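J.: With the input below, show me the fold.
(one chain, ligands or ions: 1)
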Amino acid sequence: MFGYYFLGDPPLQFSDFSLDKRLLDSLKHMGITTPTEIQEQALPIALAGKDLMASSKTGSGKTLAFLLPAMQRIISTRALSKKDPRVLILLPTRELAQQVYGQLRLLVANTQYKAMSVLGGENFNDQAKGLAREPHFIVATPGRIADHLQQRHLFLNGLELLILDEADRMLDLGFAPQLKAINDAADHKRRQTLMFSATLDHQSINDIATTLLNNPSHVAIGASYAEHKDIEQKMLFADHLDHKQALLSHLLKQPENKQTIVFTATRADTERLASLLAEQGFSTSALSGELKQSARNQIMDQFSRGQQQILVTTDVASRGLDLINVSLVVNFDMPKFAEEYVHRIGRTGRAGAKGVAVSLVGPKDWQSFLQVQSFLRKTFEFSTIDGLAAKFSGLTKQAGTKTVNAKPKAKSATAAKTKQKPKVAPKRDKRFITGVDVGDAPMRRKAKPQPIIEQENKGSED
Ligand code: AMP
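T.: This is a model prediction of the structure:
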């Protein structure tokens with residue numbers, strides 16, 4: 001679409017864009033010289049002041065694709081207002097916002113501009129005082145900014161650039177009213193808007209884009225289901241909770257592991273599994289949405305500095321977090337939405353490093369597994385760990401609406417050698433026949449039935 005150089009030409013460098021020397025110096029300082037694909041495509045559009053709607057796969061460098069044009073605009077143009085923030089960057093979760101804020105701080109450090117983060121869970125009055133100091137850049141979660149707007153702690157009449165990252169996730173979390181309120185507060189002709197989303201083909205994304213963006217250019221770098229060459233994806237059948245735990249322990253003991261992120265379906269499971277792993281001697285922390293922000297920060301900080309080997313979490317950590325030492329991601333439970341699978345596995349294989357993503361697929365995960373397959377347009381083969389092979393081998397639909405245990409189809413060298421065949425047909429599990437009891441629900445122990453645990457409240461970020 002944008003042919004900046006021809007085959008055989010040297011690759012484009014950041015110095016080929018009209019970026020301020022201070023920005024080029026900061027990039028040099030970060031060891032970054034060659035733009036990634038999304039940067040190459042988004043930068044010219046954003047630097048030209050045009051609205052942009054972009055999708056790009058996780059870990060592709062999209063943060064700099066919007067931060068660099070934002071910085072350049074502020075450095076090179078006169079402010080519309082002396083008091084109002086000039087750039088507002090919105091993200092769905094506090095962790096993502098902090099990560100973007102971290103990169104922004106590196107860029108503003110070299111300039112006279114002030115940046116501030118405004119996140120849910122932090123002290124509201126302290127934020128009001130910070131806003132009174134008139135920062136040029138704000139990185140925020142939408143709920144909290146909408147609250148400050150309502151309290152008239154900030155005005156967006158002079159906002160020059162509105163950036164929405166992970167816009168699809170913000171909509172999933174129910175932030176559409178806040179986004180509309182923010183848009184209304186900054187509704188003037190000279191505003192530029194950049195919107196990034198894992199996918200651009202959802203109706204809700206298009207609806208909000210119509211409201212927020214003005215004749216945007218579109219950039220899509222690799223479909224969201226594109227294969228990530230640095231991540232090896234493995235599927236393992238699992239029979240029940242104890243079996244999943246045994247598989248997990250085995251995976252965690254592999255000597256090549258650096259750090260691991262384990263994703264569970266609910267907050268309660270996160271805590272339970274983290275304690276269990278700690279009891280087994282693994283250095284483990286648990287991160288879930290209901291923890292206080294300071295606790296969440298501390299956990300992420302310690303994990304990113306390598307102080308823990310394992311982070312057990314829900315989808316709160318599935319997006320965008322840039323943790324370069326994660327060599328293994330385990331889906332202890334399959335995610336509810338297929339797209340979330342892509343984000344989860346994207347926590348490994350970052351910045352050119354190799355990673356492995358293993359999913360434990362039990363009867364309750366089967367439906368989600370099928371959704372992931374169809375989303376990725378890929379048929380997975382199952383692996384087996386010696387001594388930990390599952391009896392479960394998938395569910396097949398039979399005549400009518402019944403769903404029953406499928407024929408075993410796991411592939412393993414040992415299994416092939418010994419040609420193990422089940423002597424009796426696998427027993428039907430009535431729970432799954434209705435086809436209702438599937439998906440992201442956590443597995444329960446057979447011996448001790450437990451009360452149903454509340455699902456993760458995905459709308460908890462404010
Ligand atoms: P992001 O997709 O924005 O989360 O970026 C993922 C990682 O890639 C971050 O650690 C960035 O610092 C790094 N990164 C971004 N742009 C580049 C680039 N052009 N060259 C090398 N690394 C980059």
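
J.: Quick check: residues of the stretch 1-150 of the chain near the ligand?
T.: Counting by C-beta under 6 Å from any ligand atom, the positions of the stretch 1-150 of the chain adjacent to the ligand are 32, 34-36, 39, 59-64. For every residue, glycine as well, the C-beta is placed using N, CA and C.

J.: May I see those residues organised as TSV, with secondary structure added?
T.: Listed next are these as TSV, based on DSSP: H, G, I helix; E, B strand; the rest coil:
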residue	secondary structure
Ile32	coil
Thr34	coil
Pro35	coil
Thr36	coil
Gln39	helix
Gly59	coil
Ser60	coil
Gly61	coil
Lys62	helix
Thr63	helix
Leu64	helix
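
J.: min pLDDT across the residues you listed, which one?
T.: Minimum pLDDT across these is recorded for Gly59, with 72.

J.: which residue packs closest to it, ignoring adjacent ones?
T.: Nearest-residue entry for Gly59: Arg350, 5.0 Å, with adjacent residues in sequence omitted and distances by C-beta to C-beta, 6 or more residues apart in numbering.

J.: quick one on the thing from earlier: if you rank the residues of the stretch 1-150 of the chain next to the ligand by neighbours, which is first?
T.: For these, counting by other C-beta atoms under 10 Å, the largest number of neighbours falls to Gln39: 26 neighbours.

J.: In a strand, Met170, correct?
T.: No: membership of Met170 in a strand is not supported by three-state DSSP, which gives helix.

J.: Give me the distance between the residue nearest to it when sequence neighbours are not counted and Ala176.
T.: In this structure, Met170 finds its nearest non-sequential neighbour in Pro92, 4.6 Å apart by C-beta to C-beta, 6+ apart. Using C-beta to C-beta, to the nearest Å, we find Pro92 at a distance of 12 Å from Ala176.

J.: Then Ile145?
T.: On the measure of C-beta to C-beta, Ile145 and Ala176 end up 14 Å apart.

J.: What of Phe17?
T.: According to C-beta to C-beta, Phe17 stands 34 Å off from Ala176.

J.: So these two - more neighbours on which side?
T.: Ranked by neighbour count (other C-beta under 10 Å), Phe17 and Ala176 place Phe17 first, with 19 against 16.

J.: Looking at the more buried one now. What's its pLDDT?
T.: Note on Phe17: pLDDT of 92.

J.: which non-adjacent residue is nearest it?
T.: According to C-beta to C-beta, 6+ apart, the nearest residue to Phe17 is Leu43 (5.5 Å).

J.: Mind telling me what element the one you found is part of?
T.: helix 37-47 (DSSP states H and E).

J.: Also Leu131?
T.: Using DSSP H and E, the element containing Leu131 is helix 124-132.

J.: Which secondary structure elements does the next helix or strand after that helix sit against?
T.: Sequence-wise, the next helix or strand downstream of helix 124-132 (DSSP H and E) is strand 137-140. Applying 3 or more C-beta pairs under 8 Å, 6 or more residues apart in numbering; DSSP states H and E, one finds that strand 137-140 contacts strand 87-90, helix 94-108, strand 115-118.

J.: Would you mind finding the most buried of the ones you listed?
T.: Greatest average neighbour count among those goes to strand 87-90 (a mean of 25), per mean count of other C-beta atoms under 10 Å.

J.: all strands for the stretch 101-250 of the chain, in order.
T.: Taking DSSP state E, counting those that start in this stretch as the test, the strands found in the stretch 101-250 of the chain are 115-118, 137-140, 161-164, 192-196, 217-221, 231-237.

J.: Out of the ones you listed, which is the most enclosed?
T.: Counting by mean count of other C-beta under 10 Å, strand 137-140 has the highest mean neighbour count of those, with a mean of 27.

J.: how distant is that strand from the center of its chain?
T.: Centroid separation for strand 137-140 versus its chain: 19 Å, with C-alpha atoms, centre = their mean, to the nearest Å.

J.: strand partners of it, parallel vs antiparallel please.
T.: strand 87-90 (parallel), strand 115-118 (parallel) (DSSP bridges).

J.: can I get these in CSV with mean pLDDT?
T.: Below are the strands paired with strand 137-140 laid out as CSV (pLDDT from 0 to 100):
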stretch, mean pLDDT
strand 87-90, 98
strand 115-118, 98
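
J.: can I get those strands in TSV with distance to Gln99?
T.: Shown next, in TSV, are the strands paired with strand 137-140 (distance: least, C-beta to C-beta, whole Å):
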stretch	distance to Gln99
strand 87-90	11
strand 115-118	10
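
J.: Which parts of the helix holding Leu43 count as buried, going by neighbours?
T.: By neighbour count with 16 or more other C-beta atoms under 10 Å, helix 37-47 contains the buried residues 38-47.

J.: And for stretch 117-132?
T.: 117-122, 127-128, 130-131.

J.: Closest to the ligand out of these?
T.: In terms of C-beta to the nearest ligand atom, no member of the buried residues of stretch 117-132 lies closer to the ligand than Ser117, at 16.4 Å.

J.: give the contact list for the closest residue to that closest one other than its chain neighbours.
T.: Distances taken as C-beta to C-beta, 6+ apart put Tyr101 closest to Ser117, at 4.2 Å, once the chain neighbours are dropped. Taking C-beta atoms under 8 Å, 6 or more residues apart in numbering as the criterion, Tyr101 is in contact with 115, 117, 139.

J.: distance of Tyr101 from Thr141?
T.: Distance from Tyr101 to Thr141, by C-beta to C-beta: 11 Å.

J.: For Ala181, state which of the buried residues of helix 37-47 is nearest.
T.: Comparing those against Ala181 with C-beta to C-beta places Ala46 closest, at 24.2 Å.

J.: That closest one and Met116: what is the separation?
T.: Relative to Met116, Ala46 is positioned 22 Å away (C-beta to C-beta).

J.: try Leu173
T.: From Leu173 to Met116 the distance is 22 Å (C-beta to C-beta).

J.: and what of Asp242?
T.: Distance, Asp242 to Met116, by C-beta to C-beta: 48 Å.

J.: and whichever strand or helix holds Phe369 with strand 231-237, angle?
T.: Assigned by DSSP H and E, Phe369 belongs to helix 366-376. Helix 366-376 and strand 231-237 are oriented at 150 degrees to each other (axes from the mean of the first three to the mean of the last three C-alpha atoms, to 10 degrees).

J.: mind checking how far helix 366-376 is from the chain centre?
T.: Per C-alpha atoms, centre = their mean, the centroid offset for helix 366-376 relative to its chain is 18 Å.

J.: again with stretch 160-167
T.: For stretch 160-167, the distance to the chain centre is 16 Å (C-alpha atoms, centre = their mean).

J.: Give me the contacts around it.
T.: Applying C-beta under 8 Å, 6+ apart, the external contacts of stretch 160-167 come out as 62-63, 66, 70, 73-74, 77, 79-80, 86-92, 96, 100, 170, 179, 182-183, 186, 190-198, 205, 208, 212, 319-320.

J.: Could I get the average pLDDT for that stretch?
T.: 96.

J.: returning to that earlier point: farthest-apart pair in the buried residues of stretch 117-132, please.
T.: It's Gly121 and Leu131 that sit farthest apart of the buried residues of stretch 117-132, by C-beta to C-beta, at 16.5 Å.

J.: Closest residue of the stretch 301-450 of the chain to the ligand?
T.: The nearest approach of the stretch 301-450 of the chain to the ligand comes at Asp322, 4.5 Å away (C-beta to the nearest ligand atom).
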